[in-house]
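Trainee: only geometry, no sequence info:
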């Protein structure tokens, strides 16, 4: 009989995560020497969460949605509105008499739990509220929209995202959203370690969900709706559930993106942002959480750090302002994406996770005893 032990692949995965966190903590202590790396870690971690949320819907449930930017917008605005300090609201809402929200969650909890702990609790709670608001709108939109399939569902959700962006900038709700003006002055987690820990917790929740009975029901719907319904799976309920949960994590990701940006302009959450997230999901592998996370870090690292010199005139020690100028970086990234798609038809990870690859490698190395 085989002994039941903890798989080496899981120990190795946990070790990788521990090393990443340790390196991030060291880099945090060296700011501003490694500010570019910290910036990459923060943005990539946020994008990885949003990519995983989209993969939950597109990859694991088989619903083609393009409304991610709209749910991120709701999460970002919710976080900013709830966290702007009271003393700064008059300046931020200068055209709307200080706005209608007269409190700040970090300040409220700081009064009970102390400045640092209370502020952190208030910020995390604001992120969760943003996710819940996004989930609530997803539920309302999902009632009529989830009756559609394939491209029709994608177009409907894309339209929702554009409608939300327009409504947010409407003067009639300016006392809440500041209309087309920026929301700024809210607090941020200065430590990239905090970003990684929070994102890690949220992604772990998605992993647990995917491996639960609900996750298996989602996969069954993706593979064959008729067979899934014949097995007793309530299609409407599970589709709506996947849509709401995906939107919740997108809303949380939007709030964390607002932290990273330092200001929330509605125009940043265009449909192009959804396409960028979809790009990460496809290149990483539809149905692979590991692929979404890995591709997010590789893409943001290349975009914000490794290939930055292509826009500034100097790259790899070569000075060529006539060639390396603004816009060339995106051309190179586009070529890299085309090459990856040609050689990895199902994405970098396909539908596999890191433990799957490690388990296969272990079997090839000698098999189990």
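Mentor: Everything's here; your move. The structure presented is a predicted model; accordingly, all values stated were derived computationally and were not measured.
Trainee: Just the pLDDT for residue 237.
Mentor: Among the per-residue scores, residue 237 holds a pLDDT of 93.
Trainee: Same check on the one 3 residues further on?
Mentor: According to the model's per-residue confidence, residue 240 sits at a pLDDT of 94.
Trainee: Setting the sequence-adjacent residues aside, check what's closest to it.
Mentor: Counting by Cβ to Cβ, 6 or more residues apart in numbering, residue 142 is the residue found nearest to residue 240 once chain neighbours are left out, at 4.9 Å. (Glycine included, C-beta is placed from N, CA and C.)
Trainee: Need the mean per-residue confidence for the strand or helix carrying residue 206.
Mentor: Using DSSP states H and E, residue 206 sits within helix 192-210. Mean pLDDT, helix 192-210: 89.
Trainee: Centre of the chain to it, how far?
Mentor: Put simply, helix 192-210 sits 10 Å off its chain's centre (Cα atoms, centre = their mean, to the nearest Å).
Trainee: What are the boundaries of the helices in the stretch 51-200 of the chain?
Mentor: Counting by DSSP state H, counting those that start in this stretch, residue ranges of the helices within the stretch 51-200 of the chain are 68-83, 86-92, 105-113, 115-145, 150-168, 174-177, 192-210.
Trainee: picking that back up, continuing past the helix holding residue 206, what's the next helix or strand?
Mentor: Proceeding N to C from helix 192-210, the next assigned helix or strand is helix 213-223, under DSSP H and E.
Trainee: For the following helix or strand past that next one, name the packing helices and strands.
Mentor: On the C-terminal side of helix 213-223, the closest following helix or strand by DSSP H and E is helix 225-230. Where contact means 3 or more Cβ pairs under 8 Å, 6 or more residues apart in numbering; DSSP states H and E, helix 225-230 is packed against helix 213-223, helix 235-261.
Trainee: Just the buried positions in stretch 301-315, please.
Mentor: Using 16 or more other Cβ atoms under 10 Å as the burial criterion, the residues of stretch 301-315 that qualify are 301, 302, 303, 304, 307, 309, 310, 313, 315.
Trainee: Neighbours of the nearest residue to residue 124 once chain neighbours are set aside, how many?
Mentor: Residue nearest to residue 124 in three dimensions, not counting chain neighbours: residue 198, with 7.3 Å by Cβ to Cβ, 6+ apart. When neighbours are defined as other Cβ atoms under 10 Å, residue 198 has 20 of them.
Trainee: Return the residues in contact with residue 198.
Mentor: When contacts are counted by Cβ atoms under 8 Å, 6 or more residues apart in numbering, residue 198 is found next to 124, 127, 189, 256.
Trainee: before we move on, the earlier item: what's the local residue count around the residue nearest to residue 240?
Mentor: Count around residue 142 with other Cβ under 10 Å applied: 23.
Trainee: Now do the contacts for it.
Mentor: Neighbouring residues of residue 142 by Cβ under 8 Å, 6+ apart: 239, 240, 243, 244.
Trainee: Looks like the third one contacts residue 63 (just checking).
Mentor: Spelled out, it's residue 243. Yes. Judged on Cβ atoms under 8 Å, residue 243 makes contact with residue 63 at a distance of 6.7 Å.
Trainee: Mutual contacts of those two, please.
Mentor: Contacts common to residue 243 and residue 63, judged by Cβ under 8 Å, 6+ apart, are 57, 146.
Trainee: Could you list the low-confidence segments of the protein?
Mentor: When residues are selected by pLDDT under 70, those of the chain lie in 1-34, 357-369.
Trainee: Quick check, central residue of it?
Mentor: Nearest to the mean C-alpha position of the chain, by Cα atoms, centre = their mean, lies residue 50 at 2.0 Å.
Trainee: how many other residues sit next to the residue nearest to that residue when sequence neighbours are not counted?
Mentor: Residue nearest to residue 50 in three dimensions, not counting chain neighbours: residue 253, with 3.9 Å by Cβ to Cβ, 6+ apart. Here the number of neighbours of residue 253 (other Cβ under 10 Å) works out to 32.
Trainee: mind putting the contacts of residue 142 in TSV, distance to residue 264 included?
Mentor: Formatted as TSV, those follow (distance: Cβ to Cβ, whole Å):
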residue	distance to residue 264
239	30
240	28
243	24
244	23
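Trainee: ok, residues contacting the stretch of helix or strand residue 294 belongs to?
Mentor: According to DSSP H and E, residue 294 maps onto helix 289-301. With Cβ under 8 Å, 6+ apart as the test, helix 289-301 has contacts from 40, 43-45, 47-48, 51-52, 54-55, 203, 206-207, 210, 279-281, 283-285, 333, 347-350, 352-354.
Trainee: Give me the residues contacting the helix or strand following that helix.
Mentor: Next in sequence after helix 289-301, counting helices and strands by DSSP H and E, comes strand 314-315. For strand 314-315, the surrounding residues in contact (Cβ under 8 Å, 6+ apart) are 307, 309, 320, 324.
Trainee: Farthest-apart pair in the residues you listed, please.
Mentor: 307 and 320 (14.2 Å; Cβ to Cβ).
Trainee: Helix 192-210 and the helix holding residue 294, what's the angle between them?
Mentor: Relative orientation of helix 289-301 and helix 192-210, computed by axes from the mean of the first three to the mean of the last three Cα atoms, to 10 degrees: 150 degrees.
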